[in-house]
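Asks: predicted structure and sequence below. I'll ask about it afterward.
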Amino acid sequence: MNDKKWSPSLVERTISCLQNIDSFNPMDGCLHLKCVDGRCGRITVANLMEDHLEIDVKMSNQKVCFGSSNELIEAGWGID
């Protein structure tokens, strides 16, 4: 497991965006995320509305799914 973590304020903002779509303005229909390991990705607003936390990792065909906001945070992801 990676020991790197995002700041408490970024974690708080990430959870707020994941749980309240109205808290951000997705001009392209996606919530953009970054990972402590250097990867970047996005979750579509459509998936957020369905409570489906599937990150489409940029620069690869990888999709990463999480069962909860806490799982996503523990895996090192935060809003970008």
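Replies: Arrived safely, thanks for sending.

Asks: just for the protein, where's the confidence low?
Replies: Applying pLDDT under 70 to the chain flags the ranges 1-2.

Asks: and the helices in it?
Replies: 8-19, 45-49, 69-74 (DSSP state H).

Asks: mind checking those helices for the one nearest to D80?
Replies: If you check each of the helices of the chain against D80 by Cβ to Cβ, helix 8-19 wins as the nearest, at 9.6 Å. (C-beta placed from N, C-alpha, C; glycine too.)

Asks: who are the packing partners of the closest one?
Replies: strand 30-35, helix 69-74, strand 77-79 (3 or more Cβ pairs under 8 Å, 6 or more residues apart in numbering; DSSP states H and E).

Asks: and the closest residue to K5 other than its chain neighbours, what does it touch?
Replies: Leaving aside its chain neighbours, K5 sits nearest to V36 (6.9 Å; criterion: Cβ to Cβ, 6 or more residues apart in numbering). For V36, the contacting residues are 2, 4-6, 76, 78, by Cβ atoms under 8 Å, 6 or more residues apart in numbering.

Asks: next up, the contacts around K34.
Replies: 40-41, 77-80.

Asks: run through the bridge partners of the most centrally placed residue in the chain.
Replies: Nearest residue to the geometric centre of the chain (Cα atoms, centre = their mean): L33, 4.6 Å. Beta-bridge partners for L33, by DSSP bridges, are G41, I79.

Asks: quick check: it touching G76?
Replies: No - in this structure L33 lies outside contact range of G76 using Cβ atoms under 8 Å: 9.9 Å.

Asks: let me see the contact set for T44.
Replies: 29-31, 56.

Asks: so which of the contacts of V36 comes closest to C17?
Replies: Checking these one by one against C17 (Cβ to Cβ), the nearest turns out to be G78, at 9.6 Å.

Asks: against N61, how distant is the closest one?
Replies: Taking Cβ to Cβ, to the nearest Å as the measure, G78 falls 22 Å from N61.

Asks: same question, K34
Replies: K34 is 19 Å from N61, by Cβ to Cβ.

Asks: ditto for R42
Replies: In terms of Cβ to Cβ, R42 sits 14 Å off from N61.

Asks: can you report how many residues lie near L48?
Replies: The local packing of L48 (other Cβ atoms under 10 Å) involves 20 other residues.
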